[in-house]
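Asker: would you be able to build a 3D model of this:
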Amino acid sequence: MQNTKIISFLKCLSRHELREFGKFVRSPFHNNRKDVIRLYDILRKSYPDFKKEEVSKQTVFEKLYPDRKYDPNTMILHSAYLYNLGKQFLTVSGLMGDTFAFKYHYLKKLDLHFADNLFEKEYRDAKIFLNAEKLNKEFFNRKAMLEELMINFSLNRNRQDKIHRNTVDYGDYFIYSFIVKLVVLYHGMLVDKMSFNYEFTGSSAELFIRYFNFEEFINSLPAEKNEYHDFVLYYYYMFMGHRYPENDYYYPRLKEYTFKNFEKLHSAEKSSRFHYVIEYCLMQLKTGNLKFLREAFNLYTEALEKKLYKSDSDEAGMGLIFFRNFIVIGLIAKEHDYIENFISTHGKEIKGEMRDDTLELSNAMLYLEKKEYNKSLEHLNKVSSAFPLFKLSTKFILIKIYYETNQYDSFFSLMDTYRHYLKNEKIITELIRGYHTNFLNYLGMLVKIKSSGSPDNLYIIKKEIKENMNMDFRHKLWLLEKADELEKVNI
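Answerer: Numbers count the residues shown, from 1 in each chain. Here you go, the predicted structure:
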């Protein structure tokens, strides 16, 4: 049973959820099959590992029916029934945990049962509840859902003359919701293109974005009649900043509206806005617009101060990606002391099993930038090889140490190993493989100049690095810095 749906389902539950699922299974409303309850009791004793010998079909069947001959069809039937209960449990739990969704589905049932007085009362309560909520990306969608409910309710009772205002509001909220989702989609498409070199040319979304005159729409929108105008404007400037990244007009306004009426936003919206604006800065850096380096670092410090790295205010710890990216940006910005304090202060907040390796790798990066190469090596040697991408980062740091310390034999030996690793490690994406291959190619050119003392072709190499758009901007900046150092030595 180890690879069955029911075992996979039980593995994904927390201990608290497993106990709650037991109550659900025992409820006569949901289940009246005693054999299925017994199956749950047998399987829960193997949580969380569900060892193969403990949950084999024959072993479980023998515990269920000690006096009966093994019947595979019975096991299939009971497992399927318990799994279906699991699907119901998660669905009901999710509904109970989402107040709006609960109110919405209750209203739909009241409508179908023609409980008009109750419907109208609960509808008013749902509107009050939603209007009191903090704003997020789902806000307009939910407002539209409520208006659509009232429209259908009225039409089913021949009250079409009563729904003019609902129809207008439904149209407004539907369009606002669509705009928000479109801009988020567009941002995601650009991030995927930047991170994985994906293309979306010719897709319906890309075609709509290409021909949609967002500017004319916003300019025609009556701001004085729209209490959510600033919310919509934020997504407008986010869209226009991405659509016309070379236009300096949009980013200052994107940043202004990112933090405008911040107290009215849901914590998840605040967090996502930080991620959107920082990713915009990273996209600009990739194109060579280095003025966004200081901007990115300042945004990270502000996010740390306001805890914007948390999508939920009750969320514990700090995410690995936020921690790592903060360090990378801070070190490129030469904020060594700040990053050293950040690592020592916030390193313990990292969530997950990769915390120790992340801290060692972060310190190795820090001491490399501070030119304390022995300390960098000490931390690098403590990084385990359990995670493939950490192995890549280790090689990246180590070859830079060999370059800086003129250990040429070690350098060329590692370069050969590095190239083989890039070629053979399947978890590395083609984009990342290309970035590191380009880095090694140019670094190989620079090390030959450094070791020979002959600056031939250095100008051409620098020009190629600057113009190469298939490089990680972090690699590019470091290589250009090393090229500048060689140029000064050989002047």
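Asker: what's the burial count for the residue nearest to residue 308 when sequence neighbours are not counted?
Answerer: Leaving out its chain neighbours, the residue that sits closest to residue 308 by Cβ to Cβ, 6 or more residues apart in numbering is residue 274, at 4.0 Å. For glycine as for every other residue, the C-beta is placed from the backbone atoms N, C-alpha and C. Neighbourhood size, residue 274 [other Cβ atoms under 10 Å]: 23.
Asker: quick check: residue 274 touching residue 305?
Answerer: No: the pair residue 274 / residue 305 is not scored as a contact, 11.3 Å apart, by Cβ atoms under 8 Å.
Asker: re the thing from before, and the residue nearest to residue 308, what does it touch?
Answerer: Contacts for residue 274 (Cβ atoms under 8 Å, 6 or more residues apart in numbering) come out as 258, 299, 302-303, 308-309.
Asker: change it to 7 Å
Answerer: Contact partners of residue 274, counting by Cβ atoms under 7 Å, 6 or more residues apart in numbering, are 299, 303, 308.
Asker: could I get these as a markdown table with neighbour count?
Answerer: Shown next, in a markdown table, are the contacts of residue 274 (neighbours: other Cβ atoms under 10 Å):
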| residue | neighbour count |
| --- | --- |
| 299 | 21 |
| 303 | 21 |
| 308 | 23 |
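Asker: which one among these sits at the bottom for pLDDT?
Answerer: Minimum pLDDT for the contacts of residue 274 is recorded at residue 308 (89).
Asker: phi and psi next, for that one.
Answerer: Note on residue 308: its backbone torsions stand at phi -80, psi -10 [degrees, to the nearest 10].
Asker: where's it relative to residue 338, distance?
Answerer: 18 Å (Cβ to Cβ, to the nearest Å).
Asker: then residue 436?
Answerer: 28 Å.
Asker: tell me the pLDDT at the residue sitting furthest away from the middle of the chain?
Answerer: Computed with Cα atoms, centre = their mean, the maximum C-alpha offset from the centroid of the chain is found at residue 67, amounting to 52.0 Å. For residue 67, the model assigns a pLDDT of 92.
Asker: swap in residue 307?
Answerer: On pLDDT, residue 307 comes in at 88.
Asker: separation between it and residue 226?
Answerer: 30 Å.
Asker: give me the neighbour count for the closest residue to residue 461 other than its chain neighbours.
Answerer: Closest residue to residue 461 apart from its sequence neighbours, by Cβ to Cβ, 6+ apart: residue 445 at 5.2 Å. By the measure other Cβ under 10 Å, the count of residues near residue 445 is 18.
Asker: you'd agree residue 445 is up against residue 464?
Answerer: No: counting by Cβ atoms under 7 Å, residue 445 does not reach residue 464; the two are 8.9 Å apart.
Asker: next SSE downstream of the strand or helix carrying residue 423?
Answerer: For residue 423, the element it lies in under DSSP states H and E is helix 408-424. Using DSSP H and E, the helix or strand that follows helix 408-424 in sequence is helix 430-452.
Asker: mind listing residues that contact the helix holding residue 423?
Answerer: 395, 398-399, 402-403, 428, 433, 436-437, 440, 444, 447, 451.
Asker: swap the cut-off to 8 Å and go again
Answerer: 391-392, 395, 398-399, 402-403, 428, 433, 436-437, 440, 443-444, 447, 451.
Asker: whichever of these end up buried, select them in PyMOL.
Answerer: One line in PyMOL is enough to select the buried members of those, burial here meaning 16 or more other Cβ atoms under 10 Å:
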select buried, resi 391+392+395+398+399+402+403+428+436+437+440+443+447
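Asker: quick one: least confident of the contacts of helix 408-424?
Answerer: Of all the contacts of helix 408-424, residue 428 carries the smallest pLDDT score, 87.
Asker: tell me the phi and psi of that residue?
Answerer: In terms of degrees, to the nearest 10, the main-chain angles of residue 428 are phi -80, psi 130.
Asker: that one against residue 392, yeah?
Answerer: Yes: using Cβ under 8 Å, residue 428 makes contact with residue 392 at a distance of 6.7 Å.
Asker: for residue 18, give its distance to residue 96.
Answerer: Between residue 18 and residue 96 the computed distance is 17 Å (Cβ to Cβ).
Asker: okay, those two: which has more neighbours?
Answerer: The residue with more neighbours, out of residue 18 and residue 96, is residue 18; 17 against 10, by other Cβ under 10 Å.
Asker: which residues sit in contact with the more buried one?
Answerer: 10, 44, 47.
Asker: tell me the SS of residue 283?
Answerer: helix (DSSP: H, G, I helix; E, B strand; the rest coil).
Asker: where are the low-confidence patches of the chain?
Answerer: Within the chain, the set of residues satisfying pLDDT under 70 comprises 225, 312-315, 386, 490-491.
Asker: domain map for it?
Answerer: As assigned by automatic domain parsing, the chain contains the domains 5-96, 316-381, 385-491.
Asker: dump the ones you listed into CSV; add distance to residue 171 as well.
Answerer: Formatted as CSV, those follow (distance: least, Cβ to Cβ, whole Å):
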stretch, distance to residue 171
domain 5-96, 28
domain 316-381, 38
domain 385-491, 41
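Asker: identify whichever of those domains lies nearest to residue 215.
Answerer: Closest approach to residue 215 among the domains of the chain is made by domain 385-491 (27.9 Å; Cβ to Cβ).
Asker: on that earlier part again, report the inter-axis angle for the helix holding residue 423 versus helix 430-452.
Answerer: In terms of direction (axes from the mean of the first three to the mean of the last three Cα atoms, to 10 degrees), helix 408-424 departs from helix 430-452 by 160 degrees.
Asker: from the contact counts, what lies against the stretch of helix or strand residue 234 belongs to?
Answerer: Assigned by DSSP H and E, residue 234 falls within helix 229-243. Counting contacts by 3 or more Cβ pairs under 8 Å, 6 or more residues apart in numbering; DSSP states H and E, helix 229-243 packs against helix 164-196, helix 214-220, helix 250-258, helix 267-286.
Asker: most tightly surrounded among the ones you listed?
Answerer: Most buried of those, by mean neighbour count (mean count of other Cβ atoms under 10 Å): helix 267-286, with a mean of 20.
Asker: now that one, how far from the chain's geometric center?
Answerer: Relative to the centre of its chain, helix 267-286 is centred 11 Å away, using Cα atoms, centre = their mean, to the nearest Å.
Asker: dump the C-alpha coordinates for that helix into CSV.
Answerer: The C-alpha coordinates for helix 267-286 follow below in CSV (Å, rounded to 0.1, in the frame of the first residue of the first chain):
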residue,chain,number,x,y,z
SER,A,267,-0.5,40.9,4.8
ALA,A,268,-0.3,38.6,1.7
GLU,A,269,-0.9,41.6,-0.6
LYS,A,270,1.9,43.5,1.2
SER,A,271,4.3,40.6,0.8
SER,A,272,3.4,40.0,-2.8
ARG,A,273,3.9,43.7,-3.6
PHE,A,274,7.4,43.6,-2.2
HIS,A,275,8.2,40.5,-4.3
TYR,A,276,6.8,42.1,-7.4
VAL,A,277,8.8,45.3,-7.1
ILE,A,278,12.0,43.5,-6.1
GLU,A,279,11.7,41.2,-9.1
TYR,A,280,11.2,44.3,-11.3
CYS,A,281,14.5,45.6,-10.0
LEU,A,282,16.2,42.2,-10.7
MET,A,283,14.8,42.3,-14.3
GLN,A,284,16.3,45.8,-14.7
LEU,A,285,19.6,44.6,-13.4
LYS,A,286,19.7,41.8,-15.8
